[in-house]
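> need coordinates for the following:
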Amino acid sequence: MDKLTVFSSNLILKILKIILFLVGLGYVGYLIYGHWSLVVKTVTNLSTLDLVILIGVGVIANLFFARLFSIVLVPNSGLKNRLNSAFRSYVMSQISKYIPGKVWQLFHQMASNKDSTPGEVIRANVVFMFLLTPMILCLSVFLLVSSSLVIFLSSCSLLIISLAVWYLTLNGRISDIFYQRKIILVLAAITFVIGLLLLVNFISHNGSNAHTNMQVAGLLGIGWSLSLVFFVFPAGLGVREWIIVELPMLVGIQFQAKEIVILALMMRLWQISYELVSIMIVKLLSRTHIK
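Purely as a prediction, here's the structure:
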């Protein structure tokens with residue numbers, strides 16, 4: 001009876017996750033259907049240089065994410081093979097997060113990191129999320145309330161310099177791995193938020209000023225961060241888009257509703273693009289290394 005109850009509970013949970021995935025996918029599909037011509041126009045209006053810059057910055061941020069994950073999973077910097085394996089597993093498992101069930105990315109990482117226990121992989125994902133999400137959320141909120149791009153970039157530079165000076169003044173009294181985790185976290189978050197700024201700047205065609213674009217980029221970052229809380233939705237599908245579309249009205253940002261929807265969809269497309277390019281790069285480097 002107990003086994004039957006457990007089986008029934010697991011089955012209900014799986015069905016619920018699939019339903020939530022379909023709901024999220026349906027919402028994104030609804031947005032695309034209602035704005036298809038604008039999506040196509042937006043993509044075709046981007047120059048080749050715009051696309052290269054956007055995807056390039058996204059790939060750099062994504063590789064920083066992978067590095068941070070590998071350091072969290074394998075804290076011993078001397079274990080190069082395990083670190084490389086963790087790095088590859090993060091990148092290669094990203095496509096799995098879009099599969100209903102939310103566990104396939106974890107399964108992929110567990111299978112790829114044979115020297116780490118399933119518990120260690122799960123813990124690494126939790127720690128990774130709790131390290132990265134607050135940092136990007138804070139930077140995004142700062143973008144939202146900041147009155148100048150110069151102030152934002154200056155603050156980011158000050159944060160990096162402060163970490164470097166702090167490390168140097170301690171004369172190595174903190175471990176290298178602690179320092180690596182801090183600096184990679186900061187670089188990953190800043191690079192990702194800069195990618196959002198570029199995305200908004202390249203796509204906005206309504207004559208909005210730099211301050212408004214900063215606010216919208218902040219909203220995209222907030223939407224990305226908050227969507228991770230709804231972990232039952234694979235890759236935050238639908239949740240992020242809903243947050244980004246609805247949030248401007250709550251905070252009173254003067255931005256065309258259609259452009260907000262387009263930006264939400266383009267952000268998803270941008271993410272999928274840089275993740276696929278990251279996978280191709282890691283595969284290519286892995287084959288080169290084997291040869």
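
> the helix or strand hosting residue 121 packs against which elements?
Remark: residue 121 resides in helix 118-145, with elements defined by DSSP states H and E. The elements that helix 118-145 packs onto, with contact taken as 3 or more Cβ pairs under 8 Å, 6 or more residues apart in numbering; DSSP states H and E, are helix 48-73, helix 104-112, helix 149-169, helix 176-203, helix 210-227. Every C-beta, even on glycine, is put in place using the N, C-alpha and C of the backbone.

> can you flag the weakest of these by average pLDDT?
Mean pLDDT values for the helices and strands packed on helix 118-145 show the minimum at helix 149-169, a mean of 56.

> tell me the spacing between residue 247 and residue 130.
For residue 247, the distance to residue 130 equals 22 Å [Cβ to Cβ, to the nearest Å].

> the two: who's more crowded?
More neighbours surround residue 247 than the other of residue 247 and residue 130, with 19 against 12 (other Cβ atoms under 10 Å).

> how about the contacts made by that one?
When the contact criterion is Cβ atoms under 8 Å, 6 or more residues apart in numbering, the partners of residue 247 are 219, 222, 223.

> 10 Å - rerun?
Shown in contact with residue 247 (Cβ atoms under 10 Å, 6 or more residues apart in numbering): 144, 216, 218, 219, 220, 222, 223, 226, 253, 260.

> for residue 43, same thing?
With contacts defined as Cβ under 10 Å, 6+ apart, the neighbours of residue 43 are 51, 203, 262, 265, 266, 269.

> same check, this time on residue 135
If you count contacts by Cβ under 10 Å, 6+ apart, residue 135 has them with 159, 185, 186, 188, 189, 190, 192, 193, 225.

> redo that, cut-off 8 Å
If a contact means Cβ under 8 Å, 6+ apart, then residue 135 has 185, 186, 188, 189 as its contacts.

> my guess is the first one meets residue 132, correct?
Yes: counting by Cβ atoms under 8 Å, a contact exists between residue 185 and residue 132, whose distance comes to 6.6 Å.

> returning to that earlier point: which parts of the helix holding residue 121 are buried?
Residues 120-121, 124-125, 128-129, 131-133, 135-137, 139-140, 142-144 are the ones in helix 118-145 that count as buried (16 or more other Cβ atoms under 10 Å).

> got the angle for it vs helix 48-73?
130 degrees (axes from the mean of the first three to the mean of the last three Cα atoms, to 10 degrees).

> relative to helix 210-227, how tilted is helix 118-145?
Following the same axes, to 10 degrees, one obtains 160 degrees for the angle between helix 118-145 and helix 210-227.

> residue 187: how many residues sit nearby?
Under the neighbour criterion other Cβ under 10 Å, residue 187 is assigned a count of 18.

> would you mind measuring from the closest residue to it other than its chain neighbours to residue 191?
The shortest distance from residue 187 to any non-neighbouring residue, by Cβ to Cβ, 6 or more residues apart in numbering, is to residue 64 (5.4 Å). Here residue 64 is placed at a distance of 6 Å from residue 191 (Cβ to Cβ).

> again, but for residue 132
12 Å.

> put the alpha carbons of stretch 57-65 into CSV.
Once non-C-alpha atoms are left out, stretch 57-65 reads as follows in CSV (Å, rounded to 0.1, in the frame of the first residue of the first chain):
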residue,chain,number,x,y,z
VAL,A,57,28.6,38.4,-24.4
GLY,A,58,26.0,35.8,-23.6
VAL,A,59,28.5,33.0,-24.2
ILE,A,60,31.1,34.7,-22.0
ALA,A,61,28.5,35.1,-19.2
ASN,A,62,27.5,31.5,-19.6
LEU,A,63,31.0,30.2,-19.4
PHE,A,64,31.5,32.2,-16.2
PHE,A,65,28.3,30.5,-15.0
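
> ok, back up a step: pick the one among the contacts of residue 135 closest to residue 95.
When the contacts of residue 135 are ranked by distance to residue 95 (Cβ to Cβ), residue 188 comes first, at 19.7 Å.

> so what's the nearest residue in space to the closest one that is not next to it in sequence up against?
Spatially, and ignoring its direct neighbours in sequence, residue 188 is nearest to residue 64 (3.5 Å; Cβ to Cβ, 6+ apart). For residue 64, the contacting residues are 184, 187, 188, 191, 192, by Cβ under 8 Å, 6+ apart.

> pipe these into JSON lines and attach distance to residue 287 per row.
What follows is the contacts of residue 64, written out as JSON lines (distance: Cβ to Cβ, whole Å):
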{"residue": "184", "distance to residue 287": "25"}
{"residue": "187", "distance to residue 287": "27"}
{"residue": "188", "distance to residue 287": "26"}
{"residue": "191", "distance to residue 287": "26"}
{"residue": "192", "distance to residue 287": "28"}
